[in-house]
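[1] Give me a 3D structure for the following:
(2 chains)
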2 protein chains.
Amino acid sequence: MDRLSLNIATTKKWTLRQAVEGAARAGLPAVGLWRDRVAEEGLASSAKLVRDAGLRVSSLCRGGFLTASDETGVRAALEDNRAAIVEAEALGTDALILVVGGLPEGDRDLAGARARVADRLADLAPFARDHGVRLVLEPLHPMYCADRAVVSTLEQALDLAAPHPAEEVAVVVDTFHVFWDPVLAGGIARAGRENRIASYQVCDFNLPIARDALLSRGMMGDGVVDFAAVTRMVAATGYSGDVEVEIFNAEIWDSPGDQVVATMSDRYRELVLPHLHST
Amino acid sequence: MDRLSLNIATTKKWTLRQAVEGAARAGLPAVGLWRDRVAEEGLASSAKLVRDAGLRVSSLCRGGFLTASDETGVRAALEDNRAAIVEAEALGTDALILVVGGLPEGDRDLAGARARVADRLADLAPFARDHGVRLVLEPLHPMYCADRAVVSTLEQALDLAAPHPAEEVAVVVDTFHVFWDPVLAGGIARAGRENRIASYQVCDFNLPIARDALLSRGMMGDGVVDFAAVTRMVAATGYSGDVEVEIFNAEIWDSPGDQVVATMSDRYRELVLPHLHST
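    Sure, this is the predicted structure:
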């Protein structure tokens, strides 16, 4: 269990302090943090809590929302992402996850929005490098393309990362978002070759799609994702980092945190861990 | 308006006869038919109704569901698709749309399901050719990957079509399903080069995603699709076939058919037609 990380969005009702204590209690080595919970606890105090518990911070969620087309929006996005970079550094993680953002209101120009993501990455990469933080692009499932992330595939994320060194811009492989991709194996292999896999997140894809589509994520084993297949692809690249469990799901959020952590540990042991060592 | 076709699923409450009369009344040159409505009216009678109204049949929906892994399921799928091919021929259309099917119950092996689609295409292509009908692969939006169609992108559909002549296996470009694809322009250009665009279907992608995800399709202009962009890509290939409007949407289904046809004609004129002639 030395690579399993609790992304604290999975135990949404826990404060950062409760989540850190819960993860430590369950013997997990790491947590993935969210900025709202960090803000609530305070940045220095959050860093200290995690450190004192002997945990790693596997990632910070999240920066991004880079698609604004007006000057005010661009300025606000840059400011917010610089703040997120500073927070990641203070928390001791080099992985700042970016959800790049959807189309601005009333806009339908995906190519334009994608070009602006590239521009904002160029704006932010030097600042991130100076703080020892990687901008980690998260391809989101295409059902969120218009309203959340105009980056939908690993290949596309890698193309956006390409102008930058791997130390500055990387990608996260999240099973929920990419399992459907017919060229996933190639994308993961390329991400590995380019040393850009900053994070591996596991989470199932539940059917039917939840009424709030954001909450269709499920506990590993409850949905349609083939964790053996995707985990083997990731392992084959030599990825040796943490495996984060990040689930937005109303039923899981309503369950006691300790029970959720126990279930996710069991499912990880059963469905992910056996495939995590490249053969 | 000489290329606008009413897919009769758009006016779901109309019988085939009502839809044919409604399309003719509105001055449309073509209809896209569904097998359940054809069965209800009778095959010969359906063909006669369309012919007598002076309309073309732009496509027949649908064959497919080719992913069964057991012998009984495979046999049933082949039988059903052969029947659909015969029906397409009788109706005077060479385009049989295929929704390839999702994962069998409890199965998570996408690669296996995709391989079976390839096998079934090989089984069916000679029969289709003998009847002058093309098997038209429809890439479905990735949110339907597990339960409806393990073919999610145009590139993937073209790879499946590749072993077969373009007269036997082709693809449909449906804006709802493919608008998000970051390499869409390349996929459409390739489909054109390979002479495999059998149908262009227009329909918007509404947000938020409907409670029944199948019903998230919307009238052109009501959602997030950039019809100018996609239509220009299709037009640039030299595609000169019909443009079919196929919308599954509870609100539209509850509206009077003539009103739906009038609105779709207006939106087509405004949003699609100006971009339909390659420049």
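
[2] Please make it C-alpha for all contacts and neighbour counts, starting now.
    OK.

[3] what's the spacing between the residue nearest to the spatial centre of chain A and residue A:199?
    The residue lying closest to the centre of chain A (C-alpha atoms, centre = their mean) is residue A:97, at 5.1 Å. Residue A:97 sits at a distance of 9 Å from residue A:199 (criterion: C-alpha to C-alpha, to the nearest Å).

[4] what do you get for residue A:211?
    Taking C-alpha to C-alpha, one finds residue A:211 at 28 Å from residue A:199.

[5] Of the two, which one has the most company?
    Neighbours per residue (other C-alpha atoms under 10 Å in any protein chain shown) separate residue A:211 from residue A:199, with residue A:199 holding more: 24 against 14.

[6] in the stretch 1-150 of chain A, what residue is nearest chain B?
    Closest to chain B within the stretch 1-150 of chain A is residue A:108: 5.3 Å, counting by C-alpha to the nearest C-alpha.

[7] quick one, phi psi at that residue?
    phi -120, psi 10 (degrees, to the nearest 10).

[8] wait, isn't it in contact with residue B:225?
    Yes - contact criterion C-alpha atoms under 8 Å: residue A:108 and residue B:225 qualify, at 6.2 Å.

[9] got the buried residues for the one helix or strand residue A:36 maps to?
    Per DSSP states H and E, residue A:36 falls inside helix A:35-41. Buried residues in helix A:35-41, counted by 16 or more other C-alpha atoms under 10 Å in any protein chain shown: A:35, A:37-38, A:41.

[10] With stretch A:257-268 instead?
    Those buried within stretch A:257-268 under the rule 16+ other C-alpha under 10 Å are A:257, A:260-261, A:264-265, A:267-268.

[11] same thing with stretch A:217-229?
    A:217-221, A:223-229.

[12] Check the offset of that stretch from the chain's centre.
    In this view, stretch A:217-229 has its centroid 17 Å away from the chain centroid, taken as C-alpha atoms, centre = their mean, to the nearest Å.

[13] measure that stretch end to end?
    18 Å.

[14] ok, residues contacting that stretch?
    The contact list for stretch A:217-229 (C-alpha atoms under 8 Å, 6 or more residues apart in numbering or on different chains) reads A:175-176, A:179, A:202-207, A:247-249, A:264, A:267-268, A:271-272, A:274-275, B:107-109, B:146.

[15] Likewise for stretch A:70-84?
    Residues from elsewhere that reach stretch A:70-84 (C-alpha under 8 Å, 6+ apart): A:35, A:62-68, A:96, A:120, A:123-124, A:127-128.

[16] Leaving out the residues flanking it, which one is nearest to residue A:14?
    Leaving aside its chain neighbours, residue A:14 sits nearest to residue A:257 (7.1 Å; criterion: C-alpha to C-alpha, 6 or more residues apart in numbering or on different chains).

[17] hang on, the one you found packs against residue A:22?
    Yes - counting by C-alpha under 8 Å, residue A:257 does reach residue A:22; the two are 7.4 Å apart.

[18] Stretch A:198-218: end-to-end distance?
    22 Å.

[19] Now do that stretch: distance to the chain's middle.
    Using C-alpha atoms, centre = their mean, the offset of stretch A:198-218 from its chain centre is 13 Å.

[20] Starting from the strand of greatest length in chain A, tell me the next helix or strand along the chain.
    Longest strand of chain A, by residue count under DSSP state E: strand A:56-64. Note on strand A:56-64: by DSSP H and E, the next helix or strand toward the C-terminus is helix A:71-91.

[21] hmm, back to that, just the pLDDT for the residue of the stretch 1-150 of chain A closest to chain B.
    According to the prediction, residue A:108 has pLDDT 98.

[22] give me the number of residues near it?
    Residues near residue A:108, counting by other C-alpha under 10 Å, number 19.

[23] Would you mind measuring from residue A:184 to chain B?
    11 Å (C-alpha to the nearest C-alpha, to the nearest Å).

[24] Which single one of the contacts of stretch A:70-84 is nearest to residue B:243?
    Within the contacts of stretch A:70-84, distances to residue B:243 taken as C-alpha to C-alpha reach their minimum at residue A:67, with 31.9 Å.

[25] ok, the closest one - contacts?
    Contact partners of residue A:67, counting by C-alpha under 8 Å, 6+ apart, are A:74, A:100-104, A:113-114, A:116-117.

[26] One more pass at 6 Å, please.
    Contacts here follow C-alpha atoms under 6 Å, 6 or more residues apart in numbering or on different chains; on that basis residue A:67 touches A:101, A:113, A:116-117.

[27] Is it possible to get TSV of the residues you listed that adds secondary structure, neighbour count and pLDDT?
    Shown next, in TSV, are the contacts of residue A:67 (DSSP: H, G, I helix; E, B strand; the rest coil; neighbours: other C-alpha atoms under 10 Å in any protein chain shown; pLDDT from 0 to 100):
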residue	secondary structure	neighbour count	pLDDT
A:101	strand	24	98
A:113	helix	25	98
A:116	helix	18	98
A:117	helix	23	98
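
[28] Contacting chain B as well, which ones from these?
    Near chain B, judged by C-alpha under 6 Å from any C-alpha of the partner chain, there are no entries from those.

[29] farthest-separated two in the residues you listed?
    A:101 and A:116 (10.4 Å).

[30] What parts of the stretch 51-200 of chain A come near chain B?
    Residues of the stretch 51-200 of chain A lying near chain B (C-alpha under 6 Å from any C-alpha): residue A:108.

[31] And the helices in the stretch 51-200 of chain A, which stretches?
    Assigned by DSSP state H, counting those that start in this stretch, the stretch 51-200 of chain A shows helices spanning A:71-91, A:110-130, A:154-161, A:175-178, A:184-193.

[32] So which of those helices is the most surrounded?
    helix A:175-178 (a mean of 24; mean count of other C-alpha atoms under 10 Å in any protein chain shown).

[33] Return the distance of it from the chain's centre.
    11 Å.

[34] Same question for stretch A:257-265.
    The answer for stretch A:257-265 is 19 Å, by C-alpha atoms, centre = their mean.

[35] Noted, bye for now.
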